[in-house]
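Trainee: Quick one: sequence and predicted model below, then my questions.
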Amino acid sequence: MPIMPVIDQARCDGCGLCVTVCKCGALVLSDNTVAILEVDNCGWCTDCELVCATGALQCPFEIVALEG
Amino acid sequence: MNVTIENISHLSYFNGVESARLAGLPPLFTSKSFIKGQTIVSEGDKQENLHFVNAGVVKIYKTSSEGKEQIIKIVRPGESFNDVAVFGGSFCPYSAQALGNTTIVYWIHKNDLLPVMEKNWRIARNALDILAEQARLLLTLVEDLSFKNVTGRVAKILLQNATPGPEGYQRLTQYEMAAMAGTAREVVGRSLKSLEDSGAISLERHRIVIKDRSYLDRLAGLN
């Protein structure tokens, strides 16, 4: 199951800008609510997070240190 | 696509202006649709049109001679761009690219806009507010890029958050890193790219992998 961006529905105002910038079809807008689909080709471009004015959409990075 | 008074009333320059005063404006506007990635204006273009995003979203950015990109602003519906070229000279100081799948942009030529502003103080006042806000944004960006060691701060944030806790690795968004570093998300994005170019980290989809801890230590002033 791919890790996907996260949406906080309480902060989402349903503007749909994230849906318009999504290159992989992972975001859909229905009844002013954005839903995230699990797709394999989400490249984590973070454009959806960039354009979200309310901070509802988040693309968090795990921070991992290589050993040594 | 026709531009209506209703459309214009949602544009930042015309906030609070009575509909009756917007009656003559629609024919002065041009509307065009752009696809994702399409350039709307290019830096250095001779350009005297004030642009507004009606739908979708537009990225305003500058590109260095080495091809590095610095995002200046994300322009959302109702907001304007190319204001500087319209009011302060004819050359566009940045490039604008459509980010949304269907981005609809309106524009009005300076020669059509200025007489309207001269007759309506509210529109002129809105323009002043918008230009002041844009100047404030740019000054903040200058401060961040000139005086703050943002890359060092980002390096420190990465080092401090690279230790897994009971629930796994710490996860941070670029907005959260920006808030922690006291800067804008756009500056954090550039810092991460710079760290990746130097080989200190790699960006692997939803993961930032620290490859050269000692390099980050030095940048962060930790040794």
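Mentor: Alright, I've got the coordinates. None of these values were measured; they are calculated from a predicted model.
Trainee: Apart from its chain neighbours, what residue comes closest to the residue minimising distance to the centre of chain B?
Mentor: Geometric centre of chain B, nearest residue: B:K73, 1.0 Å, by CA atoms, centre = their mean. Using CB to CB, 6 or more residues apart in numbering or on different chains and skipping residues adjacent in sequence, the residue nearest B:K73 is B:I60, 4.6 Å away. Backbone N, C-alpha and C define where each C-beta goes, glycine included.
Trainee: isn't the one you found right up against B:F81?
Mentor: Yes. B:I60 lies in contact with B:F81 (CB atoms under 8 Å); the separation is 5.6 Å.
Trainee: hang on, the residue nearest to B:K73 in a strand?
Mentor: Yes. Note on B:I60: a strand contains this position according to DSSP: H, G, I helix; E, B strand; the rest coil.
Trainee: so which strand or helix has whichever residue of chain A sits closest to chain B?
Mentor: Closest contact between chain A and chain B, by CB to the nearest CB, is at A:T20 (3.3 Å). In the assignment (DSSP states H and E), A:T20 maps to helix A:17-21.
Trainee: and that helix, what's its mean pLDDT?
Mentor: Mean pLDDT, helix A:17-21: 94.
Trainee: Send over the helix or strand just after it as PDB, restricted to the C-alpha atoms.
Mentor: Under the assignment DSSP H and E, the closest C-terminal helix or strand after helix A:17-21 is strand A:27-30. Extracted C-alpha coordinates of strand A:27-30, given in PDB (Å, rounded to 0.1, in the frame of the first residue of the first chain):
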ATOM      1  CA  LEU A  27      -6.700  13.600  -5.600                       C
ATOM      2  CA  VAL A  28     -10.400  13.900  -6.400                       C
ATOM      3  CA  LEU A  29     -12.900  16.600  -5.500                       C
ATOM      4  CA  SER A  30     -16.500  15.600  -4.700                       C
END
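Trainee: Which other helices and strands does the next helix or strand after strand A:27-30 contact?
Mentor: Proceeding N to C from strand A:27-30, the next assigned helix or strand is strand A:33-36, under DSSP H and E. Secondary-structure packing of strand A:33-36 (3 or more CB pairs under 8 Å, 6 or more residues apart in numbering or on different chains; DSSP states H and E): strand A:6-7, strand A:27-30.
Trainee: which secondary structure elements does the last one contact?
Mentor: Secondary structure elements in contact with strand A:27-30, counted by 3+ CB pairs under 8 Å, 6+ apart, are helix A:17-21, strand A:33-36.
Trainee: pLDDT wise, what is B:A98 at?
Mentor: So, for B:A98, pLDDT stands at 95.
Trainee: what do you get for B:R205?
Mentor: 91.
Trainee: mind listing what it touches?
Mentor: A:I3, A:C42, A:G43, A:W44 (CB atoms under 8 Å, 6 or more residues apart in numbering or on different chains).
Trainee: Pull the distance from stretch B:115-128 to the chain's centre.
Mentor: Using CA atoms, centre = their mean, to the nearest Å, the mean C-alpha position of stretch B:115-128 is found 24 Å from that of the whole chain.
Trainee: Tell me which residues are up against that stretch.
Mentor: B:S12, B:Y13, B:F14, B:N15, B:G16, B:V17, B:R21, B:G24, B:L25, B:L28, B:D83, B:F87.
Trainee: Let's verify the residue nearest to the centre of chain B: helix, strand, or coil?
Mentor: strand.
Trainee: what sits against it?
Mentor: Contacts of B:K73 by CB under 8 Å, 6+ apart are B:I60, B:F81, B:Q134, B:L137.
Trainee: which pair in those spans the largest distance?
Mentor: B:F81 and B:L137 (12.1 Å; CB to CB).
Trainee: if we can go back for a sec, filter the contacts of B:R205 down to the buried ones.
Mentor: Among the contacts of B:R205, those classed as buried by 16 or more other CB atoms under 10 Å in any protein chain shown are A:C42, A:W44.
Trainee: Please narrow the contacts of B:K73 to those residing in strands.
Mentor: B:I60, B:F81 (DSSP state E).
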